[in-house]
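Peer 1: with the sequence up front, the predicted model follows.
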Amino acid sequence: MQKNSALLIIDVQPDFCPGGALPVPGGDQIIPLINRLAAGFETVVLTQDWHPPGHVSFAANHPGKAPFETVTLPYGPQVLWPTHCVMGTPGAALHPALDIPHASAIIRKGSNLVVDSYSAFLEADRATRTGLDGYLKSRGISHVYLAGLATDFCVAWSAEDARAFGFEATIIEDACRAIDLNGSLAAAWARLAAVGAGRVGTLI
Ligand code: VGL
Ligand code: ZN
């Protein structure tokens, strides 16, 4: 892969895999492909969804609400999720089957008690940056390839923000899996097409 390209691996964590707290169907199946893809990139960044126990995105913190309902928060609509990726727990670790020793950065997101962060670049208030844009730009990266979980939430939001920050963005579809909640996957692909994000089956 060209030197100006980076692979961004989103939220490949046990809690998003079968047996985890918020399992994405087939979430673990993408790991061998991700390991092979990563070997072809000099710059690889991993993200971890990383929430405090009292996080605003957890249904358990909204009395009377159930997982997968939507509420309105000061920054907009928020899907309520089962409690997942609690910072420091085994479900929030990088998945142990990931084998990417040369990955150069790990971004943890969603640590603010009252703001979610699907995107690897910007929190859901759409204002607070994780710093990833600067990290990539300072290393001369202009094209971001994306893989991981879930296609229609954290991967899609990260790709949209990558475009907003001026990067080319390409989602590697075979290296992602979706939650697909009430049509969220089709909606995500439509938004991604609208911002000029690319979509490939696999690169290898
Ligand atoms: C994610 C729901 C809640 C994701 C994270 O990684 O796509 N989805 N938190
Ligand atoms: Zn989360």
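Peer 2: Received the coordinates, thanks. Ligands and ions are numbered 1, 2, ... in the order given.
Peer 1: just say helix, strand or coil for residue 190.
Peer 2: helix (DSSP: H, G, I helix; E, B strand; the rest coil).
Peer 1: correction: residue 15
Peer 2: Applying three-state DSSP: residue 15 is helix.
Peer 1: could you measure from it over to ligand 1?
Peer 2: In this view, residue 15 and ligand 1 are 9 Å apart by Cβ to the nearest ligand atom, to the nearest Å. Quick note: C-beta positions are derived from backbone N, CA and C, even for glycine.
Peer 1: same question for residue 79.
Peer 2: Counting by Cβ to the nearest ligand atom - residue 79 and ligand 1 are separated by 7 Å.
Peer 1: again, but for residue 52
Peer 2: Using Cβ to the nearest ligand atom, we find residue 52 at a distance of 13 Å from ligand 1.
Peer 1: could you check the pLDDT of that residue?
Peer 2: In the predicted model, residue 52 carries a pLDDT score of 98.
Peer 1: report how many residues lie close to it.
Peer 2: Neighbourhood size, residue 52 [other Cβ atoms under 10 Å]: 15.
Peer 1: these two touch, right, it and residue 86?
Peer 2: Yes: Residue 52 is within contact range of residue 86, at 7.4 Å (criterion: Cβ atoms under 8 Å).
Peer 1: now do the helix or strand where residue 32 lies: which elements does it pack against?
Peer 2: If you go by DSSP states H and E, residue 32 is part of helix 31-38. Under the contact criterion of 3 or more Cβ pairs under 8 Å, 6 or more residues apart in numbering; DSSP states H and E, helix 31-38 touches strand 5-10, strand 143-149, strand 168-177.
Peer 1: helix, strand or coil for the residue minimising distance to the centre of the chain?
Peer 2: What sits nearest the mean C-alpha location of the chain, by Cα atoms, centre = their mean, is residue 154, with 3.3 Å. Judged by three-state DSSP, the three-state class of residue 154 is helix.
Peer 1: where do the strands sit along this structure?
Peer 2: 5-10, 43-49, 70-73, 76-79, 105-109, 143-149, 168-177, 198-200 (DSSP state E).
Peer 1: report the angle between the first one and strand 168-177.
Peer 2: Which is strand 5-10. On the basis of axes from the mean of the first three to the mean of the last three Cα atoms, to 10 degrees, strand 5-10 is oriented at 40 degrees to strand 168-177.
Peer 1: and strand 5-10, C-alpha only, in PDB?
Peer 2: This file holds the C-alpha atoms of strand 5-10, laid out as PDB (Å, rounded to 0.1, in the frame of the first residue of the first chain):
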ATOM      1  CA  SER A   5      -2.500   5.400   3.100                       C
ATOM      2  CA  ALA A   6      -3.400   4.200   6.500                       C
ATOM      3  CA  LEU A   7      -5.600   1.300   7.700                       C
ATOM      4  CA  LEU A   8      -8.000   2.300  10.500                       C
ATOM      5  CA  ILE A   9      -9.300  -0.800  12.400                       C
ATOM      6  CA  ILE A  10     -12.500   0.200  14.300                       C
END
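Peer 1: residue at max distance from the center of this structure?
Peer 2: residue 64 (28.0 Å).
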